[in-house]
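Participant: Would you be able to build a 3D model of this:
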Amino acid sequence: MGQVSDYHVLHDEEKTVRLELEKWHNIEESVLKQKSRVNWLKLGDSNTSFFHACIRNRLAQNQIRTLTTIDAAHQLPSINSDIMKRDKVLNRRQQLLLIAPVTKEEVMDAMKNINDNKALGNNGYNALFYKKTWGIIGDEVIMAVLNFFEDKIMHKPLN
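Facilitator: Okay, here's the model as predicted:
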C-alpha cells in the first residue's frame, strides 16, 4: 500500500514541477519575444542583412517535412504509458474522431480561422489573400492539404 501512495506523491510532485517548468519557459519565451521585437524595430524592417537572415531562419524553422505514423514510431518519449492508463481516457467516439480522415470542410474551417495577417508560405501571401481568392484557388488548396495528410510528405514549396 505504501508504494501506491509513494507513486501518487511522486506523480503529484512531477505535475507540480512540470507546471512550474512550463511557467518559467513561458516567461523566458516572452522575454525573448520582447527582445526580438526591439531588434526588429531597430534593424529589421528594411533590406538589410539582418532582415534576410531573419527570413532565412524563419523559413528553415517553419518546415514540416514528414508525418510519422504510430506504426513507424518505435517509442514516444514524452508519454508515460503508466500515467496515461491512470488518468482520463478518451471514449471510443473521441478516439475515432482523432483518426478520422481530414475533410474538405475542416480545411476550409481552418483557413477561415487563420488570422488575416498570417503569412502562409514563402510566396509572401498572407491568409487574407487566400480568403479573398478562395473561389479561384480553394479547390487546389484543399487538394494539396488532403494530399499531405494522405501521403504524409510536405513538399518544400508548399510548406
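
Participant: What's the local residue count around residue 127?
Facilitator: 17 (other CB atoms under 10 Å). Any C-beta I mention is one placed from the backbone N, CA and C, and that applies to glycine too.

Participant: Give me the phi and psi angles of the closest residue to it other than its chain neighbours.
Facilitator: Distances taken as CB to CB, 6 or more residues apart in numbering place residue 114 nearest to residue 127, at 4.2 Å, with adjacent residues excluded. The phi/psi pair for residue 114 (degrees, to the nearest 10) reads phi -80, psi 140.

Participant: when you give positions from now on, start the count at 32
Facilitator: Sounds good: first residue 32 from here, last item residue 145.

Participant: so residue 145 makes contact with residue 159?
Facilitator: No: the pair residue 145 / residue 159 is not scored as a contact, 9.2 Å apart, by CB atoms under 8 Å.

Participant: coming back round to it: now that we're looking at the residue nearest to residue 158, what pLDDT does it have?
Facilitator: If you check residue 145, the pLDDT there is 88.

Participant: any idea whether the closest residue to residue 168 other than its chain neighbours is helix, strand or coil?
Facilitator: Distance criterion CB to CB, 6+ apart; nearest residue to residue 168, sequence neighbours excluded, is residue 161 at 6.9 Å. Classification of residue 161 using DSSP: H, G, I helix; E, B strand; the rest coil returns helix.

Participant: For residue 161, grab the count of nearby residues.
Facilitator: When neighbours are defined as other CB under 10 Å, residue 161 has 18 of them.
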